[in-house]
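In: 3D, please:
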Amino acid sequence: MHYCENGYRRGNVFVCNVHAPNAEAEKKMFFNNLNGHMEKWENIILMGDFNTVFSRLDIANDMVYKRDSGREELLKLMDKYDLIDIWREKSEGIKYFSRRQLVKDKMKQSRIDFMLITRNMERKIDKIYYKMTSLSDHGVLMVHMNEIGVERGKGIWCLNNELLIDEGYKMKIVEIIMKERENGMYEEDKRVWWDNVKYVIKNIQ
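Out: Numbering: from 1, shown residues only. So this is what the prediction gives:
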């Protein structure tokens with residue numbers, strides 16, 4: 001199955017999982033169709049199996065680097081949306097393979113699994129590397145990203161135990177609890193009631 005599907009939106013980042021066809025003509029059509037879907041996207045991450053290589057660095061020395069109209073279509077798409085192969089950007093000149101396949105007793109090795117991102121997101125990638133496993137002939141592309149428009153919460157509230165020796169503060173707590181016991185939730189569901197009480201206590205000065 002060949003597909004491109006959105007994973008999620010986080011702010012204005014669009015993540016797309018890609019599995020391109022093997023056949024050259026189908027691959028060209030796939031990337032052409034993908035181009036049509038990307039018109040309204042911004043801050044793009046395309047990840048997955050692209051079934052093509054960008055250069056001789058992406059194939060083993062004993063393999064032939066062939067013309068590929070699918071690759072040409074992908075490069076046009078990358079140029080149009082200012083996408084970069086972020087692993088290659090951070091690993092310039094390095095030969096590494098994301099797929100290792102035994103074909104007729106001969107090992108075929110290539111790098112066909114990519115993460116393509118809009119250039120202005122490059123600084124969001126802290127680390128990116130391949131990790132080979134025994135579960136597949138494809139390696140796992142591991143990515144460490146820093147925050148992308150994620151709002152931090154206030155953290156976990158913890159009671160300052162020093163407040164327990166403050167008689168004035170303790171009286172405030174007693175008053176809050178006695179007042180909140182008049183809330184009907186006290187009889188209906190004490191767990192929810194207690195969560196509400198803690199919220200009130202957390203917000204007193």
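In: pLDDT at residue 149, what is it?
Out: Model confidence at residue 149, expressed as pLDDT, equals 52.
In: Same check on the one 10 residues further on?
Out: At residue 159 the predicted local distance difference test score is 64.
In: try residue 11
Out: According to the per-residue confidence, residue 11 scores 55 in pLDDT.
In: do the same with residue 7
Out: Residue 7 is assigned a pLDDT of 41 by the prediction.
In: which residues does residue 100 contact?
Out: 107, 108, 109, 132, 137 (C-beta atoms under 8 Å, 6 or more residues apart in numbering). All C-beta spots, glycine's among them, are computed from the backbone N, C-alpha and C.
In: what secondary structure does it sit in?
Out: Assigned by DSSP: H, G, I helix; E, B strand; the rest coil, the conformation of residue 100 is strand.
In: Now rank the contacts of residue 100 by neighbours and give me the top one.
Out: Tallying neighbours with other C-beta atoms under 10 Å puts residue 109 at the head of these, with 18 neighbours.
In: What values do phi and psi take at that residue?
Out: Note on residue 109: backbone dihedrals following degrees, to the nearest 10 are phi -130, psi 130.
In: Was I right to think it contacts residue 96?
Out: No - with contact defined as C-beta atoms under 8 Å, residue 109 and residue 96 do not form a contacting pair (9.3 Å).
In: Is residue 116 bridged to anything, and to what?
Out: Here residue 116 sits in beta bridges with residue 46, residue 85, going by DSSP bridges.
In: Check the gap between it and residue 182 for me.
Out: Residue 116 sits 60 Å away from residue 182, taking C-beta to C-beta, to the nearest Å as the criterion.
In: Neighbour count: these two, which is higher?
Out: Comparing residue 116 with residue 182 by neighbour count (other C-beta under 10 Å), the higher total belongs to residue 116, at 22 against 7.
In: residue contacts, that one?
Out: If you count contacts by C-beta under 8 Å, 6+ apart, residue 116 has them with 44, 45, 46, 47, 78, 83, 84, 85, 86.
In: ditto for residue 95
Out: With contact set as C-beta under 8 Å, 6+ apart, residue 95 has these partners: 57, 58.
In: Quick check: phi and psi on it?
Out: In this entry, residue 95 is assigned phi and psi values of phi -100, psi 120 (degrees, to the nearest 10).
In: do residue 63 as well
Out: For residue 63, the backbone dihedrals are phi -100, psi 160 (criterion: degrees, to the nearest 10).
In: which residues of this protein fall in helices?
Out: Assigned by DSSP state H, the helices in the chain fall at 24-37, 69-81, 86-90, 167-180, 185-188, 190-202.
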